[in-house]
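Novice: quick one: sequence plus predicted model below, questions after.
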Amino acid sequence: MEKKLEFPENFFWGAATSAHQVEGGTRNNWSEWEKENAEKLAEKAKTYWQEWQKEKFPEMLDPQNYISGRACDHYNLYEKDFDIVKDLGHNVHRFSIEWSQIEPFEGKFDEKEIEHYRSVVNALKQRNIEPFVTLWHWTNPLWLEKIGGCESKKFPFYFSRYAKKIAEVFKDEVKFWITLNEPTSIIANSYTRGIWPPQKKSFWLTWKTYKIFAKAHIEAYKSIHSVSEKYKVGFANILHSFEPYRKESWLDKLSVFIAKYFTNRRMLNLTKGYNDFLTVQYYFHNRFKFPKKVRLDDKPVSDMNWEIYPHGIYRILRKLKEHNLPIYVTENGLADADDSRRARFIKDHLFWIHKAISEGADVKGYFYWSLLDNFEWDKGFWPRFGLVEVDYKTMERKIRHSALEYAKICKSNELEFD
Ligand code: BGC
């Protein structure tokens, strides 16, 4: 039997992108790292991925896959992309401003680049699409990287100065600000595992960068609010779902507790009192069998072999409800080149989000990751997350079937569910 689940009035429906992943032509700590590491990453792919993945995505063995280069040329094509956003019935769009373009030299803001983002925001406004602006989506200007990047004690000062500058520029046009995107992903991958730039595996830096990011968010929160009290400011938080593999094992339960603390709670605790809204970026479900995580073979997965576990978002939202703040799901998405699982994925997650709402979680919006296929960091271009397919040779855009299915939900504000 088909049921209709209605979402709250004025619910935000949209998708998200980030500058480095879609714009093309960016020059920052990542672009430099890509050039130095493309060969190594292509070599690593030979042993890292399974046979079916290598067969289906042979481009992962080509070093060129790991260079962001022109990306989706969204820097030039944003108007066309926003026409698609409009046609798909989105009423909000999340994108990031590339700090390295705005402040290519310390303290010197590039007016031409500011003008570019002014046009981007105007293009959204003209289409009645609410802009959600992320100020930092993982990339640093090169001058900042030279003095220590995210490890530098000065990071909070420089970041909040840039945040204030941008907040002043968009005083009347932008209401929603996301300071940092997923600081814990950078902490975990750059400093705990040491696989992302600057590839420094260190317990001390892991510890220290939590504090630096928390301070950067708090300082930016204050500086943005010093421009206008009306702004709504938060940070984009990755939240994983966890469970003990053996329900009775205290060691498995302890592992879950520790992992939950560092992944889901620590940044929230450190920034308490400085968030006007909370966010959820949900991709992962983890099962702990001490001392490791285990994977179950019979579960549905994405092209990247990430388990699809929609129920996890409900568990996360139920917990976040305790904070009594509005919540936005600022990212949730799937690498699915054939587009055979994406529509179901979106509907299943929305089903659980709706259930959380009906139990009191104040969820006010959902952003699918991502609007376009794009550059997936150290994995390069082969994972296809987009509602819209991108041909990287011609830059042609093709709207996927799942995008149309999602558009029905966005336009009707309800989910038809069987
Ligand atoms: C990041 C995106 C990334 C996505 C898929 C999120 O953690 O914010 O930049 O592309 O996950 O991996």
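Specialist: Done, it's in. Numbers count the residues shown, from 1 in each chain.

Novice: can we go C-alpha only for contacts and neighbour counts from here?
Specialist: OK.

Novice: any chance you could list what contacts stretch 319-331?
Specialist: For stretch 319-331, the external contacting residues (CA atoms under 8 Å, 6 or more residues apart in numbering) are 15-16, 94, 236, 276-282, 360-370.

Novice: got the end-to-end distance for that stretch?
Specialist: Using CA to CA, to the nearest Å, the end-to-end distance of stretch 319-331 comes out at 18 Å.

Novice: show me what counts as buried in that stretch.
Specialist: Using 16 or more other CA atoms under 10 Å as the burial criterion, the residues of stretch 319-331 that qualify are 320-321, 325-331.

Novice: which one of those is nearest to Arg287?
Specialist: Leu320 (20.5 Å; CA to CA).

Novice: check which helix or strand that closest one maps to.
Specialist: For Leu320, the host element (DSSP states H and E) is helix 311-320.

Novice: going by neighbour count, list what's buried in that helix.
Specialist: Buried residues in helix 311-320, defined by neighbour count with 16+ other CA under 10 Å: 311-318, 320.

Novice: returning to that earlier point: so which of the buried residues of stretch 319-331 are in strands?
Specialist: 327-331 (DSSP state E).

Novice: distance to Ile67 for the residues you listed - can I get that in a markdown table?
Specialist: Output for those, formatted as a markdown table (distance: CA to CA, whole Å):
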| residue | distance to Ile67 |
| --- | --- |
| Ile327 | 34 |
| Tyr328 | 31 |
| Val329 | 29 |
| Thr330 | 26 |
| Glu331 | 24 |
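
Novice: circling back: want to throw the buried residues of helix 311-320 into CSV with distance to Lys201 and pLDDT?
Specialist: Below are the buried residues of helix 311-320 laid out as CSV (distance: CA to CA, whole Å; pLDDT from 0 to 100):
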residue, distance to Lys201, pLDDT
His311, 33, 98
Gly312, 29, 98
Ile313, 30, 98
Tyr314, 33, 98
Arg315, 31, 98
Ile316, 29, 98
Leu317, 32, 98
Arg318, 34, 97
Leu320, 31, 98
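
Novice: next, the angle from the helix holding Leu320 to strand 327-332.
Specialist: Helix 311-320 runs at 150 degrees relative to strand 327-332, counting by axes from the mean of the first three to the mean of the last three CA atoms, to 10 degrees.

Novice: any idea how far Glu39 is from the spatially most central residue of the chain?
Specialist: Nearest residue to the geometric centre of the chain (CA atoms, centre = their mean): Glu331, 5.2 Å. Glu331 sits at a distance of 30 Å from Glu39 (criterion: CA to CA).

Novice: likewise for Pro63?
Specialist: For Pro63, the distance to Glu39 equals 5 Å [CA to CA].

Novice: any stretches of the chain with poor pLDDT?
Specialist: 1 (pLDDT under 70).

Novice: how about residues contacting the lengthiest helix in it?
Specialist: Longest helix of the chain, by residue count under DSSP state H: helix 203-227. Residues from elsewhere that reach helix 203-227 (CA under 8 Å, 6+ apart): 150-153, 155-157, 159-161, 163-164, 167-168, 171, 179-180, 183-184, 187-188, 191-192, 231, 233-235, 266-267, 270-271, 274-275.

Novice: go on, stretch 405-417?
Specialist: 2-9, 11, 13-14, 88-90, 343, 346-347, 350-351.

Novice: Lys364: which element?
Specialist: Using DSSP H and E, Lys364 falls in strand 363-369.

Novice: kindly calculate the angle that that strand makes with helix 311-320.
Specialist: 140 degrees.

Novice: for strand 363-369, what is the distance to the chain centroid?
Specialist: How far strand 363-369 lies from its chain's middle: 11 Å, per CA atoms, centre = their mean, to the nearest Å.

Novice: next: stretch 359-369.
Specialist: On the basis of CA atoms, centre = their mean, the separation between the geometric centre of stretch 359-369 and that of its chain is 15 Å.

Novice: what comes into contact with that stretch?
Specialist: Residues outside stretch 359-369 that contact it (CA under 8 Å, 6+ apart) are 8, 10-17, 93-94, 317-318, 320-321, 324-334, 346, 353, 357, 385-386.

Novice: and stretch 333-350, by the same measure?
Specialist: 282-283, 302-304, 308, 310-311, 313, 368-370, 383-386, 400-403, 405-406, 415, 417.

Novice: rerun that using 7 Å as the cut-off
Specialist: With contact meaning CA atoms under 7 Å, 6 or more residues apart in numbering, stretch 333-350 is reached by 283, 302-304, 310, 313, 368-370, 383-385, 402, 405-406.
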